[in-house]
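Asker: Here is a sequence together with a model predicted from it:
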Amino acid sequence: MNIAIITGASSGLGKEFLKQIDSYNFDEIWVIARQREKLEALRDIIHTNLKIIPLDLSLNSSFKIYEEELKKEKPNVKLLINCAGFGKFGNYSEIPLEDSLKMIDLNCKALVSMTEKTLPFMNEFSKILQICSSSSFQPLPFANVYASTKAFVLSYSRALNYELRERRILVTAVCPGWVRTNFFETAKKTKNPNAVNNYAFMSDAKDVVKKALRDMKKNKSISIYGAFSLSQFVGTKFFPKDFIMNIWVMSQNKNK
């Protein structure tokens, strides 16, 4: 049974990936998110058979359940898309430590756990898409922990892609800039919701996903959507990090 697996599938980029791979002729797509009712609602918009797996990936116990499901079904996982994650905006003192640690748990630890528990069920020419961010290219004050988690994802994904060459499995880090999703609803629920409020060059999820899938088919290890994000990627290789951070802070209207 050839399947795809998507985390964070109930909304945002995860939901858009689900829509766009619906025509890929998978036998089944496993969709993972916290709320069962939102996952069940996906059946109304998708033709492919869905396996609903409601899990909170910030909890270690979820990975045991996921692993047991893999061992029971023994699928051939042709595509894994790790979309689950969240961010928070504000000075370190404006974001509860608990939230910062949850960002690390979900954006980093959960992604690694999902990836490495799935790899034994992947064969030649299987693909992994790791949802990263252009924020991974440089340190970002007032989105500090979030950007740091994405820097981890980028480094992990590119190194893992190298390690998996012998198995002929591709890992692509997807690095968009701002995308129109419900990400901002969570990110701005802090003591200082205006810590980051300049969302220049906002992209549509549909376009970001289309580019990511196209780059995946071209066996690219990184997918960068849009000229602005590409300029960030290139610029961070030539300009000092302090200079880049100053430009970033100046572009935001701080309410400290």
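Answerer: Cool, got the structure. Numbering: from 1, shown residues only.

Asker: Could you give the average pLDDT over stretch 66-85?
Answerer: The average pLDDT within stretch 66-85 is 97.

Asker: Then stretch 128-146?
Answerer: Mean predicted lDDT for stretch 128-146 stands at 95.

Asker: And stretch 7-18, by the same measure?
Answerer: 97.

Asker: Give me the contact list for it.
Answerer: Here stretch 7-18 makes contact (C-beta atoms under 8 Å, 6 or more residues apart in numbering) with 6, 29, 31-35, 38-39, 41-42, 46, 57, 81-85, 110, 114, 129, 131, 179, 181-183, 205-206, 208-209, 212-213. For every residue, glycine as well, the C-beta is placed using N, CA and C.

Asker: Among these, name the ones in strands.
Answerer: Ile6, Ile29, Val31, Ile32, Ala33, Ile81, Asn82, Leu129, Ile131 (DSSP state E).

Asker: Pull out the buried positions in the helix ranked longest in the chain.
Answerer: Secondary structure of the chain per DSSP state H: the longest helix is helix 144-163. With burial defined by 16 or more other C-beta atoms under 10 Å, the residues of helix 144-163 counted as buried are 144-154, 156-158, 160-161.

Asker: Which residues does that helix contact?
Answerer: 85-89, 92, 95, 100, 103-104, 107-108, 111-112, 115, 128, 130-133, 135-140, 170-173, 175, 187, 221-222.

Asker: Let's see that with 6 Å instead.
Answerer: 87, 100, 103-104, 107-108, 130, 132-133, 135-136, 140, 171, 173, 221 (C-beta atoms under 6 Å, 6 or more residues apart in numbering).

Asker: mind saving the C-alpha coords of it as PDB?
Answerer: Output of helix 144-163 as PDB, limited to C-alpha atoms (Å, rounded to 0.1, in the frame of the first residue of the first chain):
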ATOM      1  CA  ASN A 144      13.800  34.400  18.300                       C
ATOM      2  CA  VAL A 145      12.800  30.900  19.300                       C
ATOM      3  CA  TYR A 146      10.600  30.300  16.300                       C
ATOM      4  CA  ALA A 147      13.300  31.400  13.800                       C
ATOM      5  CA  SER A 148      15.900  29.300  15.800                       C
ATOM      6  CA  THR A 149      13.700  26.200  15.500                       C
ATOM      7  CA  LYS A 150      13.400  26.700  11.800                       C
ATOM      8  CA  ALA A 151      17.200  27.100  11.500                       C
ATOM      9  CA  PHE A 152      17.400  23.700  13.100                       C
ATOM     10  CA  VAL A 153      15.000  22.200  10.700                       C
ATOM     11  CA  LEU A 154      16.900  23.600   7.700                       C
ATOM     12  CA  SER A 155      20.200  22.300   8.900                       C
ATOM     13  CA  TYR A 156      18.800  18.900  10.000                       C
ATOM     14  CA  SER A 157      16.900  18.400   6.700                       C
ATOM     15  CA  ARG A 158      19.900  19.300   4.400                       C
ATOM     16  CA  ALA A 159      22.300  17.000   6.300                       C
ATOM     17  CA  LEU A 160      19.700  14.200   6.500                       C
ATOM     18  CA  ASN A 161      19.200  14.500   2.700                       C
ATOM     19  CA  TYR A 162      23.000  13.900   2.300                       C
ATOM     20  CA  GLU A 163      22.900  10.900   4.600                       C
END
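
Asker: Name the next helix or strand following it along the chain.
Answerer: Using DSSP states H and E, the next helix or strand after helix 144-163 towards the C-terminus is strand 170-174.

Asker: Buried only: go through the contacts of stretch 7-18 for me.
Answerer: Among the contacts of stretch 7-18, the ones that count as buried (16+ other C-beta under 10 Å) are 6, 29, 31-34, 38-39, 42, 57, 81-85, 110, 114, 129, 131, 179, 181, 183, 205, 208-209, 212-213.
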